[in-house]
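# sequence below, structure please.
(one chain, ligands or ions: 1)
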Amino acid sequence: TNQRKRAKLPRVGRAGPFGYAWTVLRSVLDSDGLVEEGWAKYGGKPFVLPSMSGEWIVLGPDDIEQLRRSDDTVFNAPERAKALFLPNTMFGNHLTDHPYHLETIIRSDLTKSLHSLVPEMHEEAQLAIPDHIPIISGQTSATIPLFSTMVHLIARVSNRAMIGAPGCRDEKFLQYQVSVAEEVIPMSQILNWFPAALRPVVWKLFCVTLGAKDRAVKLIGPYVKARIDYAQQDNPSTIVDLLLRYAPEEEIKNLPMLAARVVHLNMAATHTSGIFTTHALFELARLPPEQVEMVRTEIAAAIASEGGVLNKTAVGKFYLLDSLLKEIGRFHSLFAVGSSRVTLKEAVISDGTVLPPGSVVALAPKPMHNNPKTYSDPETFDPFRFTKLRTGAGTAADIQQSFTTLSNDYIVFGIGKHGCPGRFFAALKIKVVLAELLLNYDFSFPEGASHAPKPFSFNIFTVPNPTAKLVFTKRQRF
Ligand code: HEM
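Next comes the predicted model:
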């Protein structure tokens, strides 16, 4: 029966068994293209996307409200994340058995602590930027591979908040930490091809030979230990201090367990923010100079209004940068499909199809964000699209336009109760780094280039082209 019910849904790609295999292969490098094709062909109604990690049922605007309201009883997020990313195999069962980092830290405590973390992240950005953009003496500019540089810079600034100094400056640890995401994402895919019983062995073999995860866990250990020994949890100054408020005794006594949790959290916090920072700089390099100047002037005025300090209140006044980032998220999708859930019970979707338990559903950010009914002239990158929609009165309608506000029309940070809990931290960190760069550098493309090359896609993920470079020219601080 299940087969029959599922068979009602159309499938994107070529017909027949060979066509199916071809579509699966195409999904490795062009999931975005397949999703766009399916969306256009079936008019935004549900369809099946075959992939190397199984079939995804891509839902459209008619189903988003149902997913948003979901409380995990029918459309379940944690079970889907476990099956897709295998955190239990790679980081340990404790992460999902007791996800206190999620429930208690990121959802409330971290957001409350962001006030004190912003000036610290700013100081770290000021220290780290000259290391990452080395301008040879006698010259005024440097040409650097942008994506890898931004990921490393973000990793350092993020870790100033996560473990504090000096840990955030331990280059060896940062190198391994950055590699963790680059290994874990493809490895979760590969491990999924093995029977469940073999996965821990294959993962262990990978870790002892090539893997960065165990090395990152080992290197971060002493910094986490220092927080346990010296932290004042009543007056927390890092995210690890916050974690320690809730960590069970057995985890505090078992350093690798706690360190694995921090490495895992770091993983969620690094590449996503690095991708945004990279796209933003490429777009800033393309904007007319007077528009860049508008963004810069607003940043400088906001900092001046706080007595020259780049604090959370000042960042709250970077409206043009906020709009630019929101437009980056609308225009440059990070995933072909996201906000994935697995059905635990039978579920009826908008077109009347009954999905059996175990069905995987997801949303498609790109076509949703390109919908002309929601966004005028969606094919155009308009950095100030969202500031133009603000009244300036700080009303609820204005808040709706901000980068971190979740909505059914803007799903960059997901939807509902599993919408990204780190988004406020992420937005502040990205803005602090970009503000510091904007105030000190001009951005341009290397000779012969006028825009960033096409992003690189693998399975459902899309990242900025890793070889693309940008020229940073030192300017008089604004
Ligand atoms: C620009 C940066 C970021 C983007 C675009 C982003 C995006 C997302 C998305 C799309 C989801 C899934 C939402 C859903 O299923 O509906 C998610 C979940 C999550 N993100 Fe982020 N994220 C970012 C930064 C961060 C940071 C900095 C942290 C950590 C401090 C973080 C921690 C998490 C966690 C723990 C989850 C799982 C939430 C849950 O399952 O309840 N993210 N993020």
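
# quick check: residues of the stretch 201-350 of the chain near the ligand?
Taking CB under 6 Å from any ligand atom as the criterion, the neighbours of the ligand within the stretch 201-350 of the chain are 265, 268-269, 272-273, 276, 334, 338-339. Just so you know, the C-beta spots here come from the backbone N, C-alpha and C atoms, and that holds for glycine as well.

# contacts only, for the nearest residue to K454 once chain neighbours are set aside.
Leaving aside its sequence neighbours, K454 sits nearest to N465 (CB to CB, 6 or more residues apart in numbering; 6.4 Å). Counting by CB atoms under 8 Å, 6 or more residues apart in numbering, N465 touches 147, 452-456.

# pLDDT below threshold where in this protein?
Where the chain drops to pLDDT under 70, the residues are 1-7, 231-234, 478.

# show me where it has strands.
47-49, 56-59, 75-76, 141-145, 338-343, 347-348, 354-355, 360-363, 441-444, 456-458, 461-463, 469-474 (DSSP state E).

# given the last one, what are its sheet partners and their directions?
By that I understand strand 469-474. strand 141-145 (antiparallel), strand 441-444 (antiparallel) (DSSP bridges).

# got those as JSON lines, with distance to the ligand columns?
JSON lines is the format used below for the strands paired with strand 469-474 (distance: least, CB to the nearest ligand atom, whole Å):
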{"stretch": "strand 141-145", "distance to the ligand": "20"}
{"stretch": "strand 441-444", "distance to the ligand": "20"}
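
# could you save the ones you listed as JSON lines and add columns showing mean neighbour count?
Shown next, in JSON lines, are the strands paired with strand 469-474 (neighbours: other CB atoms under 10 Å):
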{"stretch": "strand 141-145", "mean neighbour count": "16"}
{"stretch": "strand 441-444", "mean neighbour count": "20"}
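
# so can I have CSV of these showing distance to G33?
As requested, these are arranged in CSV below (distance: least, CB to CB, whole Å):
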stretch, distance to G33
strand 141-145, 26
strand 441-444, 30
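
# hang on, the earlier thing: quick one, which of the contacts of N465 are buried?
Buried subset of those (neighbour count, 16 or more other CB atoms under 10 Å): 147, 452, 455.

# can those residues go into a markdown table with extra columns for distance to L244?
A markdown table is the format used below for the buried ones among the contacts of N465 (distance: CB to CB, whole Å):
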| residue | distance to L244 |
| --- | --- |
| F147 | 33 |
| A452 | 41 |
| P455 | 38 |
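
# that older thread, which of the contacts of N465 sit farthest apart?
The two members of the contacts of N465 with the most space between them (CB to CB) are F147 and K454, at 13.0 Å.

# residues near N93, how many?
Counted with other CB atoms under 10 Å, residues neighbouring N93 total 12.

# so how far is A260 from it?
Distance, N93 to A260, using CB to CB, to the nearest Å: 11 Å.

# before we move on, what about K454?
K454 is 36 Å from A260, by CB to CB.

# F445 too?
40 Å.

# these two: which is more packed in?
A direct count of neighbours by other CB under 10 Å for F445 and A260 places A260 higher, at 24 against 17.

# what are the neighbouring residues in contact with that one?
Taking CB under 8 Å, 6+ apart, one finds 91-92, 94-95, 213, 217 in contact with A260.

# out of those, who has the most neighbours?
V217 (27 neighbours).

# and for the nearest residue to that one once chain neighbours are set aside, the neighbour number?
Excluding its sequence neighbours, the residue lying closest to V217 (CB to CB, 6+ apart) is A259, at 4.6 Å. If you count neighbours by other CB under 10 Å, A259 ends up with 23.

# hang on, A259 packs against A226?
No: using CB atoms under 8 Å, A259 makes no contact with A226, being 11.9 Å away.

# which residues of the stretch 351-478 of the chain lie near the ligand?
Near the ligand, when you scan the stretch 351-478 of the chain using CB under 6 Å from any ligand atom, you find 412-415, 418-423, 425-426.

# 8 Å instead, please
The stretch 351-478 of the chain has residues 363, 411-423, 425-427, 429-430 near the ligand, with proximity defined as CB under 8 Å from any ligand atom.

# of the residues you listed, buried ones?
Buried, going by 16+ other CB under 10 Å: 363, 411-416, 418-423, 425-427, 429-430, out of these.

# okay, which residue is most central for the chain?
Centroid check for the chain by CA atoms, centre = their mean gives T272 as the closest residue, at 2.8 Å.

# sorry, back to before: mark which of the residues of the stretch 351-478 of the chain next to the ligand are part of helices, please.
Applying DSSP state H to those, the entries found in helices are 423, 425-427, 429-430.

# among the contacts of A260, which one sits closest to H115?
Proximity of these to H115 (CB to CB) peaks at L95, which lies at 28.1 Å.

# could you verify my assumption that that closest one touches V263?
No: counting by CB under 8 Å, L95 does not reach V263; the two are 10.4 Å apart.

# overlap in contacts of the two?
Common neighbours of L95 and V263 (CB under 8 Å, 6+ apart) do not exist.

# and the nearest residue to D32 once chain neighbours are set aside, how far is that from S51?
Nearest non-adjacent residue to D32, counting by CB to CB, 6+ apart: A336, 4.7 Å away. Relative to S51, A336 is positioned 9 Å away (CB to CB).

# please apply the same query to R227.
40 Å.

# also T473?
Per CB to CB, T473 is found 43 Å from S51.

# same check on A165?
To S51, A165 is 42 Å away according to CB to CB.

# compare those two (neighbour count), which wins?
A direct count of neighbours by other CB under 10 Å for A165 and S51 places S51 higher, at 22 against 16.

# and the closest residue in space to F413 that isn't next to it in sequence, what are its phi and psi?
Nearest non-adjacent residue to F413, counting by CB to CB, 6+ apart: C420, 4.0 Å away. When quoted as degrees, to the nearest 10, the phi and psi of C420 stand at phi -50, psi 120.
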